[in-house]
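K.L.:
when you get a sec, could you give me coordinates for this:
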Amino acid sequence: MALLDTTSEEPNSKRLRYAVSGVALVILVAFGIWFFFLRFISEKHTIEHFMDAVVAQDYQRAFQIWKSHGSYTYQDFMADWGLEGYYGPIKSYRIESASLPPNGGSGVVVVVEVSPFQPFPDNSDPRSGRSKEIRLWVERSDQSLSFPL
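P.N.:
Numbering: from 1, shown residues only. So this is what the prediction gives:
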């Protein structure tokens, strides 16, 4: 009888092999859940707070969440987000996706779809043609918002 011709395995080694395989599977599944669902949760949460303030027409709070850097003033903000602004009026929104920019960077690009109707119209609704897609940059270090370049 040769060394590799054994037909039975030690019960403890079988149990150990199954335990190690089970732990590896749990780690792999946990990483997959984090990667696909939870990786950009703080950036999406920042966008939700911002968009909730815009929908509620609390523009002062929305501008504070925006954390403007540089020359983007409150008047510029209102020209973009106010009732008569480029994106306004905004009555509902839907976060479409979040991803790292293809050229790298220190932030995340979040795609938001906004609508002048409440509730957000279904894709089969003719009013859905009035929805606009907006790409927003969320800086990871301080959660400030801007438009991606």
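
K.L.:
can I see the domain layout of the protein?
P.N.:
11-37, 40-146 (automatic domain parsing).

K.L.:
so how far is the first one off the chain centroid?
P.N.:
Averaged C-alpha coordinates place domain 11-37 at 27 Å from its chain's average position (C-alpha atoms, centre = their mean, to the nearest Å).

K.L.:
and the lengthiest helix in the chain, what does it pack against?
P.N.:
In the chain, with assignment by DSSP state H, the single longest helix is helix 11-33. Helix 11-33 sits against no helix or strand, with contacts defined as 3 or more C-beta pairs under 8 Å, 6 or more residues apart in numbering; DSSP states H and E. For every residue, glycine as well, the C-beta is placed using N, CA and C.

K.L.:
if we go by neighbour counts, what in the helix or strand that it is followed by is buried?
P.N.:
Remark: after helix 11-33, the chain's next helix or strand is helix 41-55, criterion DSSP states H and E. By 16 or more other C-beta atoms under 10 Å, the buried positions in helix 41-55 come out as 43, 44, 46, 47, 50, 51, 53, 54, 55.

K.L.:
show me what contacts the second one?
P.N.:
Contact partners of residue 44, counting by C-beta atoms under 8 Å, 6 or more residues apart in numbering, are 95, 98, 110.
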